[in-house]
Every structure is written in structure tokens, then in C-alpha cells.
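*Asks:* no sequence for this one, just the structure:
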Ligand code: EPZ
């Protein structure tokens, strides 16, 4: 196993290229299964999660070819409809092949995804969505076994205890594209990645309206064709580098970042004192004045994203004053607190609220990554801590951040990857 070693204390300056959005790529790659024809998806980041999704597509019988950041998928004549445990268990987002398989093969067997360190990750809304389309579902041998012999359009409300669901919206929308009749999804997720998926589906010939709003209407068609699509930039990666500028008192240009995808994050950082401006082809994040403590509550889009919560906590940990961070999407998503406190942070967890008392400085230490975004938060803390920080188990990071240490090095950080001899 590898670890990332950081010597903190350097302001980061320069330009970083924001990669394609992991959370748009995964459902879009799954959507290629809705046709026998070839699709070409570009701006795909080289991440562990991508290779897992490609393994699933190949396992189903699709021909997959990768040329740089472009992936060609040709599912011609694939008949398999099983997404196996050994693949799905490594990436729970694999659940997004459920909708396409059901629509195209009229049956699907997808391993029931487990929970992870950020929460139990239920899938009741996914099942509710495809049941509304007439699917007959059983849970057998740890698999979701779905029979789609009698699929039809339907209306479904996809609001759960924690609001809308991104991948349940994706699954239901994808399944509805090839189903006779009109489907209405109420309380649909509005994330930019859902819109990007819908844009790809429309290019394939799907009839979809309302993407980006809480009501999406899909009119089923007989057949979809292959399409070409370039994936939107990753707003969470962009937000992470924006916080890197604030926490290291730096000045970073984020190439390809789109303000319209990250209004809540930019609004909060701007209020905190970070100067965020539009520049040609991206955004610029410049430390201009002392950062102020800010309270945040994570909400479904367009609210403050849960995927930015840990990173924001790193910034508040070294910001003078007290800030309250409330997690409304994944109430257990606070594993990073104990690791940050080992670096000298002063954070207290009270139910779904983290009370962060800013400290003068953090001190570098060996810390353990636990999930993708918590790992990024520990890297951010290491960039500003006094001394050396070793972030261990960084396979979590490799799932969602392309060339992380190279990008930070190019901005002036003292950071490298090495073998973790204690692992
Ligand atoms: C997507 O996960 C993202 N992953 C997550 O990013 C992100 O944190 C999440 O959306 C919320 O924005 C991908 O897109 C691959 P949800 P998803 O269904 O779709 C509950 C990252 O770091 N829920 O929108 O699985 C759920 O427990 C990852 O990149 C149900 O109750 O999340 C959560 O509390 C982490 N029943 C809330 O809804 C369901 O059937 C939102 O989850 C489904 C979800």
C-alpha cells in the first residue's frame, strides 16, 4: 500500500487542470449499456473507480477500449445481465448499472451494495423507482434480482429521509428511457452530474425534460443509439483545490471549473474571505484576507455538498473562531474528525454537528484515510500543518482524485507518494 508524505507550510500558487467528474462518468458509462451501438465518452479521469466500472461493462460482454481520456464502449449483442459481488462490492456506485440492464435486457441481477465508512447507504429509493416502472424485484443470495417483463411508464416520488437520491434518480431515469409510456420522477436529484447524464441520454435519442429540476419527465422510446459525449468537470475536485488556496494562503487558477456548478461552495468561501473570480476558461481562488469562521449545513444540490464537508472542516480547523458544521446527508460522515484532532485540531462532535474551534496551527502527524473526501481533507490539513504528515491508505484518494500529488506539486507543495512499509 502507498502513503502520501507532505511537508506543510507552503502557499500554493499556479494553475491546476480540473479533471472530468467521477460522479458523472460512472452513470454515463453505465448508460452506454442502453444500446447495442458504440458510444465514445471523453474527459474521463484515470481513477480506480473508472477501471472498476470498465471491468463491470466488460464482464457484461461489452467491448471496451480506452484511448487516453476517451473510452469507447460497444455493447453489441451483450446478453449478460449480472453485475457480480466481487466487482460491485469494490464500488457501491456500480448499482447504477441496474436501470440500464433492466431496460435493455428486461432483467438484472446486481449484487446488493454494502455500506461504507460514511453511512449505511440504503437503496430503497432505487428499488422504489424501478418498481414504479413495473419491475418485479426479489433480494436473493445478496443480489437484487429484477424482472422487467412487464415494464411500463409510471410516476414516482424519490424523496427519502435525507432528501433526493442522485443514483436512484439516475437509475430510474435510465430505466424509463426504453419503457413504453411516460415516467415522472418527483423530488428528483438536481445535481449537475444528473443533468450531464440526461444530456448524454438525449444525445442517444432519449426523450427527457426537466433535468436539473426536481421533476424529470421521460417518454420512453423503442431504441437508443450510440453517442459521443464529453463529461463535465469535477466540481468537488475544483472545490477541494479552492480550499487548498484558502488554507495555504495561496492563489490558484482552476482550469475548466464552472461557477454555475459550485455556487454554494463559492458563496461560502467568498463570505469567508476567499477571493473567487471568473477567469478565461475557469475560476481563480486567491487568499486576500484573513479567513473568517463560517457555519455550514450540507444539503442536496444546490445546497452545500456533503462531498465538500470534510475539506471545509480542514479550513475551519485553522480559522480563528468557532464554526459549526452540520451534516444532513450522511450524519455519520465525520470519521475525519479524530484524525484531524490527532494533528492538533480542536473539533467536538455533537450528534450531526461538528463544533470546530480554530487553532493557530496544526502539527503534522501520521494519519489514516478512511473515505475519499476525508482523505482529501487530511491532505489539505497536511499542506498547512507544521512539519511532516503521512496520509496512509491513500487507495481511497486514488478512487476520486486524478494525479493528486502531481497537481499539488505543480502548485508548489512539498508532497510525494511512497510505499507504506508499515502497511
Ligand atoms: C452520490 O451518491 C455520490 N456518488 C456521492 O459521492 C454523494 O455523496 C451523494 O451522491 C450525495 O450527493 C456518486 O454519484 C457515484 P444519494 P449516491 O443516493 O447517489 C440516502 C463521493 O465522495 N439514500 O444521493 O449513492 C443516502 O443514504 C461520493 O464522490 C436513501 O435513503 O447518494 C444519503 O443519506 C460519496 N435511500 C442520501 O439519501 C436510497 O435508496 C443521499 O444519497 C438512496 C440514498
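*Replies:* Alright, I've got the coordinates. Keep in mind that what you see is a predicted model, and the values were worked out from it rather than measured. Residues are numbered from 1 along each chain as shown.

*Asks:* contacts, neighbours, all on C-alpha from now
*Replies:* Noted.

*Asks:* now the helices: where do they sit in the protein?
*Replies:* Here the chain has its helices, by DSSP state H, at 22-31, 48-60, 85-88, 98-105, 124-131, 166-176, 192-203, 235-247, 263-272, 309-317, 336-342, 372-384, 395-398, 404-410.

*Asks:* turn the ones you listed into TSV, including distance to residue 117, mean pLDDT and mean neighbour count.
*Replies:* Below are the helices of the chain laid out as TSV (distance: least, CA to CA, whole Å; pLDDT from 0 to 100; neighbours: other CA atoms under 10 Å):
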stretch	distance to residue 117	mean pLDDT	mean neighbour count
helix 22-31	18	98	25
helix 48-60	17	95	19
helix 85-88	16	92	16
helix 98-105	23	98	27
helix 124-131	19	98	21
helix 166-176	18	98	29
helix 192-203	23	98	23
helix 235-247	19	98	26
helix 263-272	24	98	18
helix 309-317	13	98	27
helix 336-342	10	97	20
helix 372-384	10	97	27
helix 395-398	11	91	19
helix 404-410	22	97	18
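
*Asks:* quick one, which of the ones you listed is nearest to residue 422?
*Replies:* helix 395-398 (15.1 Å; CA to CA).

*Asks:* who's in contact with the closest one?
*Replies:* If you take CA atoms under 8 Å, 6 or more residues apart in numbering as the criterion, helix 395-398 is touched by 1, 2, 47, 48, 369, 370, 371, 372, 373, 375, 376.

*Asks:* report the two of those separated the most.
*Replies:* 1 and 373 (18.6 Å).

*Asks:* if we can go back for a sec, distance to residue 294 for the helices of the chain - can I get that in CSV?
*Replies:* As requested, those are arranged in CSV below (distance: least, CA to CA, whole Å):
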stretch, distance to residue 294
helix 22-31, 27
helix 48-60, 33
helix 85-88, 38
helix 98-105, 40
helix 124-131, 33
helix 166-176, 27
helix 192-203, 25
helix 235-247, 13
helix 263-272, 6
helix 309-317, 7
helix 336-342, 17
helix 372-384, 17
helix 395-398, 26
helix 404-410, 25
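
*Asks:* and the ones you listed: which comes nearest residue 418?
*Replies:* Using CA to CA, the helices of the chain put helix 404-410 closest to residue 418, at 11.0 Å.

*Asks:* the contacts of helix 395-398 also near the ligand: which ones?
*Replies:* Checking those against the ligand by CA under 6 Å from any ligand atom, the ones in range are 372, 373.

*Asks:* switch the contacts of helix 395-398 over to a markdown table; also include distance to residue 200.
*Replies:* As requested, the contacts of helix 395-398 are arranged in a markdown table below (distance: CA to CA, whole Å):
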| residue | distance to residue 200 |
| --- | --- |
| 1 | 37 |
| 2 | 36 |
| 47 | 21 |
| 48 | 23 |
| 369 | 34 |
| 370 | 33 |
| 371 | 29 |
| 372 | 26 |
| 373 | 27 |
| 375 | 31 |
| 376 | 29 |
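
*Asks:* burial measure for the nearest residue to residue 12 once chain neighbours are set aside, as a count.
*Replies:* Closest residue to residue 12 apart from its sequence neighbours, by CA to CA, 6 or more residues apart in numbering: residue 250 at 4.6 Å. Using other CA atoms under 10 Å, residue 250 has 22 other residues around it.

*Asks:* same question for residue 115.
*Replies:* Residue 115 has 12 nearby residues by other CA under 10 Å.

*Asks:* what sits against it?
*Replies:* 92, 121, 122.

*Asks:* among the residues you listed, which has the minimum pLDDT value?
*Replies:* Among the contacts of residue 115, residue 121 has the lowest pLDDT, at 84.

*Asks:* got a list of what that one touches?
*Replies:* Residues in contact with residue 121 (CA under 8 Å, 6+ apart) are 114, 115.

*Asks:* any idea how far residue 328 lies from residue 307?
*Replies:* Noted for residue 328: a distance of 12 Å to residue 307, by CA to CA, to the nearest Å.

*Asks:* residue 75 is in contact with residue 65, correct?
*Replies:* No: between residue 65 and residue 75 there is no contact under CA atoms under 8 Å: 11.4 Å.

*Asks:* between these two, which is the more surrounded one?
*Replies:* residue 75 (23 against 14).

*Asks:* the ligand versus the residue nearest to residue 110 when sequence neighbours are not counted, what's the distance?
*Replies:* Take residue 110 and drop its neighbours on the chain: the residue closest to it by CA to CA, 6+ apart is residue 83, 4.7 Å away. Residue 83 sits 16 Å away from the ligand, taking CA to the nearest ligand atom, to the nearest Å as the criterion.

*Asks:* what residues does the chain put near the ligand?
*Replies:* 23, 93, 121-126, 160-163, 165-168, 306-307, 329-330, 372-373.

*Asks:* rerun at 5 Å
*Replies:* Applying CA under 5 Å from any ligand atom, one finds that the chain approaches the ligand through 23, 93, 121-126, 162, 165-167, 329-330.

*Asks:* output the residues you listed as JSON lines; include the columns distance to residue 198.
*Replies:* Putting those into JSON lines (distance: CA to CA, whole Å) gives the following:
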{"residue": "23", "distance to residue 198": "13"}
{"residue": "93", "distance to residue 198": "17"}
{"residue": "121", "distance to residue 198": "24"}
{"residue": "122", "distance to residue 198": "24"}
{"residue": "123", "distance to residue 198": "21"}
{"residue": "124", "distance to residue 198": "22"}
{"residue": "125", "distance to residue 198": "19"}
{"residue": "126", "distance to residue 198": "17"}
{"residue": "162", "distance to residue 198": "23"}
{"residue": "165", "distance to residue 198": "15"}
{"residue": "166", "distance to residue 198": "12"}
{"residue": "167", "distance to residue 198": "12"}
{"residue": "329", "distance to residue 198": "23"}
{"residue": "330", "distance to residue 198": "25"}
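
*Asks:* in strands, which of the contacts of residue 115 fall?
*Replies:* Nothing among the contacts of residue 115 maps onto strands, per DSSP state E.

*Asks:* which pair of the residues of the chain next to the ligand spans the longest distance?
*Replies:* 23 and 124 (20.0 Å).
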